[in-house]
Every structure is written in C-alpha cells, then in structure tokens.
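Novice: following is a predicted model, sequence given first.
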Amino acid sequence: VDIVGDAHHVVIEHNEIDDWYQTAIAVGFTFASQTAAGQQATYPASLTHDDVIQHNLIHDIGRGVTNDLGGVYTLTGDNTGNIVQNNVIHDIVNDPGGNGFVASYNGANGIYFDQGTSNVLTKNNLVYRATGAPFQQNMGRKNDVENNILAWGRDSTFNHALYEDAGLWATFKSNVILTDRPTLLAGNYICPAGDCRVWVDFASNLYWNPMTMSVSFHTTQPNASYTLATWQSMESEELGSMVADPKFTNPVYPTDDFTLPASSPATTIGFVPFDPTKAGRTSKLLTAPPVPDAAHLQEPASPATYY
C-alpha cells in the first residue's frame, strides 16, 4: 500500500498494486466532522494539497477479506490542487460479511473520497468491478469528476454518504457509465430545494444498462426514483446526457476491453478517449516473488463468480 499523510506536492505514478487486502493508495489524513447528520461539517486545516495520483494500475484489492477500502482513498480535507487521473482500478472486493454487500459505505470502492475530501479533479480513470461503487464520496465539496469510464459497480455507480447541508458537493460531467444494477445512486442524494444541481450537478454523461436498456436515479430526499427523462425535466439534472450503448469492444470478464470505436455515441457527450494501457509500471522487468495468501478468502476471488 502507498500511504501519504498530510503532505503536499507529492506525485504517485506508474505503480502496479495488486493482491492486497486493504486500500492501495491512500493520501491525506484530515477528517471533517459533524455534530449531527446533515449539518454543515467542520474542516480542520490540512497540508494535503497539490498531490497527483496518476497512471497507476490497481487491481485485486480487498480480496474479500476486509471492509471500508478503496483503490484510491483520500482524506485531503478542503484543499486545492489535488488530482486523480489516468488510473486503471478494478476488482475491488470487500468481506461479504461486512455491510459493503448491502451499502457501499463500508464496502470496497474504486475511488473513495472520504470524510470531507474536496476540490479534487478526477478525470480519465477507468474503474470497473467494485463490490461497493466505482466512485464514493463522504461529505466533501466541489469535487469534479469528468471524462471517466465507470463500470460494473455491484452496489451502485455513485455513492454519497455523510451528507452535509453545504451546497454543491460534486460535478459529474462527460463520463461513460456501464451498469447492470437497478439504480445508479446510493447513499444520500438530497434535493431539498427541488433542484438537485444545488447539491450535485450531473451533465452530459452517457449511461448504458445492457440488461434493461434504461437507467434509474433514486434520491433520498424526496424519496423518489426517476427515469433519465424525468430526472432531466423535473430536477434539471443530466442536461445533455443520454442512454445509449457506448459500443465498448468487449467490456466483460475476462476480456475487459473498454476500447471505444470512432462511431461511439460517447463522442456526442464530449467524452475524450484516453489510453488505459499507459497505467502501471513503465518497466515489466521486475517480477514480485510468490507470496502465499495471508488469510483465507471468504468468497471466491474470481471476478467470474464474485460479481
């Protein structure tokens, strides 16, 4: 695991991290706090700014052994200049005995912004097969999630926990989302003013569910579910978004080929293709020695069976 505390101007790049039972890359250690759910949080001072996590290959993390983890995990507080970009993160699996198989708050997430992480630019990441969600945020403000491919989250695609009444918490724009689950959203999606964009702004995203060929958005306040068309007309969310097959080459296990053809409808939402093969080590000469499992896996580690 690559752990960076409250440090600034750190670059973590071109690593391959796999076969590990907890978070792969963790940056920051500053916790925002609330006196009650929904209230505005207190953000302590933090030195975690201008850090870059890029071009890392992270896979087979958690291994069904632990809970509350992420491929990339941050506790950066209300800082600026932090970037998570051009990473490939897949097969993030939590202990099936934990809450993560019911709610990803304690599960295994691809990118996990915890306890007040704010103002992070997250772009050009390929994240797939997480038993929690490809993207999770607890509290936090004004994170920018754009031009990512997020696929096959078992609990949901976007999870938002530890809600605070403090305005915009994230913007999601020009992402391509592939799912086979009933709803895209989990956790606390609050629209008290009747316009969800005050709290979270979705726009120009491409969604596809090959099982239903439709998508559903669920909010907790009000307790309601929306089709894309209703979500757009009633809540002014997802303006410019669409439901269509992105035409990935073969995005299922074991091929996992998320290449997009020039004819993909992703180009109409402003998505700019990126090359996920550039993530990971720049040299393949180093070979890690064989290491036996440190603990018995409580579920099969094969993506063909655990997902």
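Specialist: Good, I have the coordinates. Residues are numbered from 1 along each chain as shown.

Novice: contacting residues for residue 200?
Specialist: When contacts are counted by CB atoms under 8 Å, 6 or more residues apart in numbering, residue 200 touches 160, 168, 169, 170, 171, 172, 189. All C-beta spots, glycine's among them, are computed from the backbone N, C-alpha and C.

Novice: which of those sit farthest apart?
Specialist: Greatest spatial distance in the contacts of residue 200: 171 and 189, 14.3 Å, computed using CB to CB.

Novice: so these two - more neighbours on which side?
Specialist: Neighbours were counted for residue 171 and for residue 189 using other CB atoms under 10 Å; residue 189 has more, 21 against 15.

Novice: I'd guessed that one sits against residue 223; true?
Specialist: No - in this structure residue 189 lies outside contact range of residue 223 using CB atoms under 8 Å: 10.3 Å.

Novice: follow-up on the earlier one: now a ChimeraX select for only the buried ones of the contacts of residue 200.
Specialist: Listed next is the ChimeraX selection for buried residues among those, using 16 or more other CB atoms under 10 Å:
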select :160,169,170,172,189
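
Novice: of the contacts of residue 200, which is the nearest to residue 204?
Specialist: Comparing the contacts of residue 200 against residue 204 with CB to CB places residue 172 closest, at 9.2 Å.

Novice: tell me who's in contact with the closest one.
Specialist: Residue 172 makes contacts with 145, 146, 158, 200, 201, 202, 203, 205, as judged by CB under 8 Å, 6+ apart.

Novice: bridging residues for the residue nearest the centre of the chain?
Specialist: For the chain, the residue nearest the mean C-alpha position is residue 135 (1.7 Å; CA atoms, centre = their mean). For residue 135, the beta-bridge partners under DSSP bridges are residue 111, residue 158.

Novice: against residue 40, how distant is it?
Specialist: 23 Å (CB to CB, to the nearest Å).

Novice: likewise residue 201?
Specialist: In terms of CB to CB, residue 201 sits 19 Å off from residue 40.

Novice: more crowded one of these two?
Specialist: residue 201 (19 against 13).

Novice: quick one: secondary structure of that one?
Specialist: Following DSSP: H, G, I helix; E, B strand; the rest coil, residue 201 is assigned to strand.

Novice: per-residue pLDDT of the residue lying closest to it once chain neighbours are set aside, please?
Specialist: Nearest residue to residue 201, sequence neighbours excluded (CB to CB, 6 or more residues apart in numbering): residue 171, at 4.5 Å. pLDDT, residue 171: 96.

Novice: and residue 171, how close does it get to residue 277?
Specialist: Counting by CB to CB, the separation of residue 171 from residue 277 is 28 Å.

Novice: for residue 163, same thing?
Specialist: Counting by CB to CB, the gap from residue 163 to residue 277 is 38 Å.

Novice: neighbour count: the two, which is higher?
Specialist: Taking other CB under 10 Å, residue 163 and residue 277 do not tie; residue 163 has more neighbours (21 against 9).

Novice: thought that one was touching residue 39?
Specialist: No - at 9.5 Å, residue 163 does not count as touching residue 39 under the criterion of CB under 8 Å.

Novice: what about the helices in this structure?
Specialist: Remark: helices assigned in the chain by DSSP state H are 228-235, 303-306.

Novice: those: lowest mean pLDDT?
Specialist: helix 303-306 - the lowest mean pLDDT of the helices of the chain, at a mean of 57.

Novice: so where's this protein uncertain?
Specialist: Applying pLDDT under 70 to the chain picks out residues 1, 98-106, 192-194, 293-307.

Novice: how about a cut-off of 80?
Specialist: 1-2, 36-38, 96-106, 165-166, 190-195, 234-235, 284-307 (pLDDT under 80).

Novice: show me what contacts residue 245?
Specialist: Here residue 245 is in contact with 208, 210, 265 (CB under 8 Å, 6+ apart).

Novice: sorry, wrong one. I was asking about residue 235.
Specialist: Shown in contact with residue 235 (CB under 8 Å, 6+ apart): 191, 194, 195, 196, 197, 226.

Novice: so residue 167 sits against residue 197, correct?
Specialist: No - between residue 167 and residue 197 there is no contact under CB under 8 Å: 10.6 Å.

Novice: tell me which of the two has more neighbours.
Specialist: Shown here are residue 167 and residue 197; by other CB under 10 Å, residue 197 has more neighbours (17 against 10).
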